[in-house]
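# next comes the sequence, and after it the predicted model I'd like to discuss.
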Amino acid sequence: MRYSVTVGAVGDGRDPRGLAELARAVEDAGWDGMFLEDYLVYQGDAAHPAYDPWICLAAMAAATQRIRIGTTVTPLPRRRPWKVAAEAVALDHLSGGRMILGVGIGDPGDPFMEGKSPKVLAEMLDEGLDLIDRL
């Protein structure tokens with residue numbers, strides 16, 4: 001059985017440097033992986049800074065040797081699939097093959113989803129996955 005730690009890249013100490021230190025502690029404690037949630041703004045709370053999970057994952061990859069790293073769910077309809085593909089490949093190389101990419105439609109209530117229905121988001125997810133696969 002494998003065990004992982006999941007956190008958001010949001011709030012004090014969850015900046016790239018803080019998450020790199022936490023990832024090192026997670027690895028030293030014997031966990032198998034560490035995953036980040038993918039938010040632009042944490043549940044609409046602009047008072048807590050949200051850091052780009054991809055930058056944080058790069059810092060975590062550089063600070064660790066063994067644990068798997070990745071996103072719990074990257075809302076692919078909110079991101080550019082070609083950019084996600086490039087970032088995932090770069091992180092996979094940086095981490096020595098330890099990157100795991102979790103994707104989904106995200107939260108239909110997310111203000112950055114522009115009021116799209118779950119059906120439209122699912123279609124965008126399928127299209128994005130197809131593009132990532134071809135890239």
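Perfect, I can see it now.

# any weak-confidence spans in the chain?
Residues of the chain meeting the criterion pLDDT under 70: 1, 41-47.

# could you pull out the strands for it?
4-8, 33-37, 68-75, 99-104 (DSSP state E).

# out of these, flag the one nearest R24.
strand 33-37 (9.8 Å; C-beta to C-beta). All C-beta atoms are positioned from the backbone trio N, CA, C, and that covers glycine.

# which other helices and strands contact that closest one?
Contacting strand 33-37 under the criterion 3 or more C-beta pairs under 8 Å, 6 or more residues apart in numbering; DSSP states H and E are the following elements: strand 4-8, helix 16-28, helix 53-63, strand 68-75, strand 99-104.

# which of these sits closest to L36?
helix 53-63 (4.3 Å).

# tell me how far that closest one is from the chain's mean position?
10 Å (C-alpha atoms, centre = their mean, to the nearest Å).

# now do that helix: which elements does it pack against?
For helix 53-63, the packing partners by 3+ C-beta pairs under 8 Å, 6+ apart come out as helix 16-28, strand 33-37, strand 68-75, helix 81-94.

# tell me the buried residues in the last one?
The one in question is helix 81-94. P81, V84, A85, E87, A88, L91, D92, L94 (16 or more other C-beta atoms under 10 Å).

# same question for stretch 25-42.
So for stretch 25-42, counting by 16+ other C-beta under 10 Å, buried means V26, E27, W31, G33, M34, F35, L36, E37, D38, Y39, Y42.

# show me which of the residues you listed is closest to L125.
D38 (13.5 Å).

# next up, the contacts around the closest one.
Residues near D38 by C-beta atoms under 8 Å, 6 or more residues apart in numbering: P53, T71, T72, V73, T74, P75.

# now those residues: which count as buried?
Buried among these (16+ other C-beta under 10 Å): P53, T71, T72, T74, P75.

# so the third one sits against L36, correct?
Yes. With contact defined as C-beta atoms under 8 Å, T72 reaches L36; the gap is 7.0 Å.
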